[in-house]
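Asker: After the sequence you'll find the predicted model.
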Amino acid sequence: MSTLVTGIGELFVGDAAGTVMEQAAFVVEDGRVAWVGPAAEAPAADAAYDVGGRAVIPGFVDSHSHLVFAGDRSAEFAARMAGESYAAGGIRTTVRATREAGDAELTAHVARLVAEMRRQGTTTLEIKSGYGLSVADEARSLAVARQFTEETTFLGAHVVPEGISAEDYVALVTGPMLEAARPYASWIDAFCERGAFDVDQARAVLAAGAAVGLKGRLHANQLTYGGGVQLACELGLVAVDHCTYLSDADVDALAQSGTVATLLPGVEFSTRHPYVDARRLIDAGVRVALASDCNPGSCFTSSLPFCIALAVRDMGMTPSEAVSAATAGGAAALDRTDVGHLSAGAAADFAVLDAPSHVHLAYRPGVPLVAETWRAGQRIDG
Ligand code: NIG
Ligand code: FE
């Protein structure tokens with residue numbers, strides 16, 4: 001069964017050439033894009049679906065989220081907006097609430113957030129653990145995450161929980177906790193930051209993960225300058241996330257290594273740290289991704305359209321660069337080539353916008369422009 005998606009006023013293909021086509025069409029067959037091109041040249045198909053002149057973009061690929069948690073930290077946000085600064089120690093508040101929550105409660109909460117993401121155009125997402133911080137609670141968090149995505153990340157090294165030394169905790173993370181997490185995880189991550197884990201500890205965690213076949217990614221340079229970005233580049237990790245405080249040497253290392261810099265502007269919005277100068281990175285040849293970092297502490301948004309608007313307004317990205325970073329860029333940050341674009345052969349994952357072009361995502365901030373979200377040729381926003 002093939003379906004011709006037609007009446008596309010603007011198609012943002014999301015390929016490396018940055019193709020944007022007007023009056024376009026594509027054919028979906030077996031969940032994939034079988035053909036894409038000008039509407040006038042469209043081949044015959046079994047069925048047709050007319051989007052009525054609206055814009056179509058690839059589904060967003062959100063490569064960084066922490067959806068498995070319980071509890072509420074809105075009071076922390078309110079205090080920050082009144083002048084308090086963000087502290088990584090707030091993570092422990094969520095750890096307490098998450099440990100107390102039942103499996104069904106945790107799963108239902110993730111389902112609600114995933115549905116929220118889908119309504120805003122996200123078709124592929126990564127989910128981390130990191131609010132369990134015990135052997136059982138990290139394995140449980142990943143088992144819950146795995147019900148929603150294959151892109152699951154073990155983040156036992158989020159902070160050192162109460163009641164254990166840093167040295168003993170790193171031994172636990174790299175030993176029994178990793179063993180329990182392994183069946184449910186594809187990636188391993190660590191929060192490399194003052195107040196969390198230093199470069200040597202992060203290196204040990206990533207090495208232990210690599211030894212059991214987990215791919216590495218890293219939280220680095222979020223709150224301070226430090227060695228995390230260079231560690232990620234030295235190890236050739238697929239992605240390093242946050243990158244808020246970057247020296248020139250960090251930018252050079254990113255450009256040389258090809259490690260994707262995942263920028264999380266919702267965090268800067270919610271913590272009042274400075275927005276990243278994405279222009280500096282792009283001009284240096286660094287591959288960038290945009291992701292939500294949806295979590296209860298530093299940034300509780302699930303909206304990539306919101307992140308795109310911030311990136312265009314405050315980070316020096318063009319609308320086209322920002323949409324690419326939230327689609328193909330996110331895919332690169334997850335080591336995926338099958339999603340994040342709508343070239344022939346890609347997954348038929350796309351969003352139909354109630355707008356004539358992708359530019360409106362930044363031009364009309366805060367307006368729910370995603371009208372439909374499709375994954376593998378099926379509607380998923382209902
Ligand atoms: O990516 N940086 C570390 N972890 C999360 C924040 C976690 C929290 O505050 O609960 C982040 O920003
Ligand atoms: Fe994060």
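Answerer: Thanks, I have the structure now. Numbers count the residues shown, from 1 in each chain. Ligands and ions are numbered 1, 2, ... in the order given.
Asker: Near ligand 1, which residues of the protein are found?
Answerer: Neighbours of ligand 1 within the chain, by Cβ under 6 Å from any ligand atom: 66, 90-91, 94, 191, 219, 222, 267, 293, 295-298. In this view, the C-beta of every residue, glycine as well, is placed from N, C-alpha and C.
Asker: neighbours around the nearest residue to Y225 once chain neighbours are set aside, how many?
Answerer: Once flanking residues are discounted, Y225 sits nearest to Y245: 4.5 Å by Cβ to Cβ, 6 or more residues apart in numbering. Y245 has 18 neighbouring residues, counting by other Cβ atoms under 10 Å.
Asker: Contact partners for Y245?
Answerer: N221, Q222, L223, T224, Y225, G226 (Cβ atoms under 8 Å, 6 or more residues apart in numbering).
Asker: the helices in the stretch 251-382 of the chain, which residues?
Answerer: 265-271, 278-283, 304-314, 319-326, 328-333, 360-363 (DSSP state H, counting those that start in this stretch).
Asker: In CSV, list those along with mean pLDDT, distance to V27 and mean neighbour count.
Answerer: Below are those laid out as CSV (pLDDT from 0 to 100; distance: least, Cβ to Cβ, whole Å; neighbours: other Cβ atoms under 10 Å):
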stretch, mean pLDDT, distance to V27, mean neighbour count
helix 265-271, 98, 35, 23
helix 278-283, 98, 33, 18
helix 304-314, 98, 26, 23
helix 319-326, 98, 23, 26
helix 328-333, 98, 21, 27
helix 360-363, 98, 25, 20
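Asker: ok so, going back, tell me the predicted confidence for the residue nearest to Y225.
Answerer: As predicted, Y245 sits at a pLDDT of 98.
Asker: Centre-most residue in this protein?
Answerer: Among the residues of the chain, the one closest to the centroid is S63, at 2.4 Å (Cα atoms, centre = their mean).
Asker: where does the stretch 201-350 of the chain dip in pLDDT?
Answerer: Applying pLDDT under 70 to the stretch 201-350 of the chain flags no residue at all.
Asker: With distance to L142 as extra columns, can I get the helices of the stretch 251-382 of the chain in JSON lines?
Answerer: What follows is these, written out as JSON lines (distance: least, Cβ to Cβ, whole Å):
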{"stretch": "helix 265-271", "distance to L142": "23"}
{"stretch": "helix 278-283", "distance to L142": "31"}
{"stretch": "helix 304-314", "distance to L142": "23"}
{"stretch": "helix 319-326", "distance to L142": "25"}
{"stretch": "helix 328-333", "distance to L142": "19"}
{"stretch": "helix 360-363", "distance to L142": "32"}
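Asker: Now the stretch of helix or strand G209 belongs to: buried residues?
Answerer: Element membership for G209, per DSSP states H and E: helix 199-211. Within helix 199-211, the residues that qualify as buried are V199, Q201, A202, R203, A204, V205, L206, A208, G209, counting by 16 or more other Cβ atoms under 10 Å.
Asker: out of these, which one sits closest to ligand 1?
Answerer: Proximity of these to ligand 1 (Cβ to the nearest ligand atom) peaks at A202, which lies at 12.3 Å.
Asker: Verify the contact between that closest one and V229 for me.
Answerer: No. Assessed by Cβ atoms under 8 Å, A202 is found out of contact with V229, at 11.2 Å.
Asker: Filter the residues of the chain next to ligand 1 down to the ones in strands?
Answerer: F191, H219 (DSSP state E).
Asker: quick revisit: now for the residue nearest to the centre of the chain: which residues touch it?
Answerer: By Cβ under 8 Å, 6+ apart, the neighbours of S63 are L125, E126, E151, A239, D241, T262, A289, A291, G330, A331, A333, L334.
Asker: neighbour-wise, which of the residues you listed leads?
Answerer: Most neighbours among those, by other Cβ under 10 Å: G330, with 32 neighbours.
Asker: how far away is it from G7?
Answerer: Note on G330: its distance to G7, by Cβ to Cβ, to the nearest Å, is 27 Å.
Asker: which helix is the longest one in the chain?
Answerer: The longest helix of the chain (DSSP state H) is helix 103-119.
Asker: Note down every partner strand of the helix or strand that that one is followed by and its orientation.
Answerer: Using DSSP H and E, the next helix or strand after helix 103-119 towards the C-terminus is strand 122-125. Strand 122-125 has its sheet partners listed here by DSSP bridges as strand 60-62 (parallel).
Asker: Can you give the contact residues for the partner strand?
Answerer: Contacts of strand 60-62 (Cβ under 8 Å, 6+ apart): 117, 120-126, 289, 291-292, 294, 302, 304, 326-331, 333-334, 336, 339-340, 351.
Asker: The single nearest residue of the chain relative to ligand 1: neighbouring residues, count only.
Answerer: Residue nearest to ligand 1 within the chain (Cβ to the nearest ligand atom): G297, separated by 2.1 Å. Residues lying near G297 (other Cβ under 10 Å) number 23.
Asker: repeat for A45
Answerer: Using other Cβ under 10 Å: A45 sits among 20 other residues.
Asker: Thank you kindly, that will do.
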